[in-house]
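[1] okay, here's the prediction I keep looking at, along with the sequence it came from:
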Protein chains: 2
Amino acid sequence: MPKVFVNIGLTLDGYMAPEGMAIEHWKTPEYKNWGAKWGALMGWVIGLEYFRQNLGFGPGGETGPVNDMIRHTTERIGANIMGKRMFEQGAASWPENAPFHTPVFVLTHEKREPWVRPGGTTFYFVNDGPQSALEQARAAAGNRDIRISGGANVVQQYLNMGVVEELEIALAPVLFGGGRRLFENVPETVPAFRIESVLHTPAATHLRYVRQ
Amino acid sequence: MPKVFVNIGLTLDGYMAPEGMAIEHWKTPEYKNWGAKWGALMGWVIGLEYFRQNLGFGPGGETGPVNDMIRHTTERIGANIMGKRMFEQGAASWPENAPFHTPVFVLTHEKREPWVRPGGTTFYFVNDGPQSALEQARAAAGNRDIRISGGANVVQQYLNMGVVEELEIALAPVLFGGGRRLFENVPETVPAFRIESVLHTPAATHLRYVRQ
């Protein structure tokens, strides 16, 4: 059965997205300086060979254990689940060849036909809640896994449902001072995790937790 | 000149103390289950040989790199700074031979004479603010360093003053779902940190950040 996992960049002060990173400011990254903040949080991924390849940035890039990790994480994904806001922000910026190459289940209240993109990404719009999206993702993922992609409130919903089996955090040594917290509205009653591995680099500490 | 550092246990969801851990519940650890939570957060320290020694629990205990780290951290402290609430909670539970063995500067509005404890701990009560406490701690620390001991709001005050040079976090794989957050009211304008080292154990990931 597919595993459900979260793989997310997090600031030292617990934010997964800076303040002001909203669709209405997508074209104005200088708003509240969110572009620079996002870069500080996710800078470790930009130069990786696999990431560049996957986004069609061309050859070259950093190799090594973090690159291997990202390749492994990406290749294990059989389906993605994301929120409406993340989808809308992404749709405004992803290349036509969207960077998922799997079915993507978008939680929304909108009714919309599936949106097929070149390169293997199809967006399905789910109107009947996160449990339904999860079932559809399970059916679609085959023998690969399901990534809860974001945003924060979608991750929190699945954490609260108790279905997240692995939690991978790239903890960057930056402070945002505000923004979207990963852990908010998550009660203590969610299943406990244990730390399984740590991969340490100057740009981020890659923490991998699995459910106890 | 003494360095100012913070050394703190933190949950995965960003809390340094559970909800309900307040002086009025000090004698009722079952209140909101805070005793068990505190144990889950700080369990890694309890069995260490140095920690046991330092609290007079007698011989024996775990040795190894975490024990060495705690010994090194403790021995570098020439003065502590703490908030009134932490002092009051501690005063109700520390042994007579209080576990600091240095001058301790308590931020308070109360006027009170220094309180000398056996074993080298003297509590000084500072009425004129965190800058004054820091100056007094600098004068007292000699060629050793100054630890900002807590609670959360005291750590935040010193982070915001931009004087914290090292931030040591023992990140435990537990979720509190509520409590005192370490990073709250800390704006992005605080000096940036870089990660210097990581010591990984199943009970906690020891992250050491130094100011850039």
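    That came through, no problem.
[2] residue ranges with poor pLDDT in chain A?
    A:23, A:26 (pLDDT under 70).
[3] go with 80
    For chain A, applying pLDDT under 80 flags the ranges A:20-32, A:55-56, A:188-190.
[4] pull up the residues of it that are close to chain B.
    Within chain A, the positions lying close to chain B (Cβ under 8 Å from any Cβ of the partner chain) are A:12-14, A:37, A:171, A:173-178, A:181-183, A:186-190, A:192-195, A:197-198, A:200, A:202, A:205, A:207, A:209. All C-beta atoms are positioned from the backbone trio N, CA, C, and that covers glycine.
[5] distance between stretch A:71-79 and the chain's centre?
    12 Å (Cα atoms, centre = their mean, to the nearest Å).
[6] ok, stretch A:193-203 next?
    17 Å.
[7] pull out the buried positions in it.
    A:193, A:195, A:198-200, A:203 (16 or more other Cβ atoms under 10 Å in any protein chain shown).
[8] make JSON lines out of the residues you listed and add secondary structure.
    Converted to JSON lines, the buried residues of stretch A:193-203 look like this (DSSP: H, G, I helix; E, B strand; the rest coil):
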{"residue": "A:F193", "secondary structure": "strand"}
{"residue": "A:I195", "secondary structure": "strand"}
{"residue": "A:V198", "secondary structure": "strand"}
{"residue": "A:L199", "secondary structure": "strand"}
{"residue": "A:H200", "secondary structure": "strand"}
{"residue": "A:A203", "secondary structure": "coil"}
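[9] for the spatially most central residue of chain A, list the residues it contacts.
    Chain A has A:S149 as the residue nearest its centroid, 3.2 Å off, counting by Cα atoms, centre = their mean. Going by Cβ atoms under 8 Å, 6 or more residues apart in numbering or on different chains, A:S149 touches A:80-82, A:86, A:104.
[10] from these, which is closest to A:E165?
    Distance to A:E165 across the contacts of A:S149 (Cβ to Cβ) is lowest for A:I81, with 13.8 Å.
[11] host element of the closest one?
    A:I81 is part of strand A:77-83 when elements are defined by DSSP states H and E.
[12] same deal with A:A40?
    helix A:34-46.
[13] do A:V164 as well
    Judged by DSSP H and E, A:V164 forms part of no helix or strand.
[14] residues near it, how many?
    By other Cβ atoms under 10 Å in any protein chain shown, 22 other residues sit near A:V164.
[15] my read: it touches A:V6, true?
    Yes: using Cβ atoms under 8 Å, A:V164 is in contact with A:V6, at 5.7 Å.
[16] helices or strands next to the strand holding A:I81 in the packing?
    strand A:103-107, helix A:130-141, strand A:145-150, helix A:152-161 (3 or more Cβ pairs under 8 Å, 6 or more residues apart in numbering or on different chains; DSSP states H and E).
[17] mind redoing it with 10 Å?
    Under the contact criterion of 3 or more Cβ pairs under 10 Å, 6 or more residues apart in numbering or on different chains; DSSP states H and E, strand A:77-83 touches strand A:4-11, helix A:84-91, strand A:103-107, strand A:122-126, helix A:130-141, strand A:145-150, helix A:152-161.
[18] what strands line up against it, and which way round?
    strand A:103-107 (parallel), strand A:145-150 (parallel) (DSSP bridges).
[19] what sits against the nearest residue to A:K32 once chain neighbours are set aside?
    Distance criterion Cβ to Cβ, 6 or more residues apart in numbering or on different chains; nearest residue to A:K32, sequence neighbours excluded, is A:G20 at 3.1 Å. Contacts for A:G20 (Cβ atoms under 10 Å, 6 or more residues apart in numbering or on different chains) come out as A:28-35, A:37-38, A:178-179.
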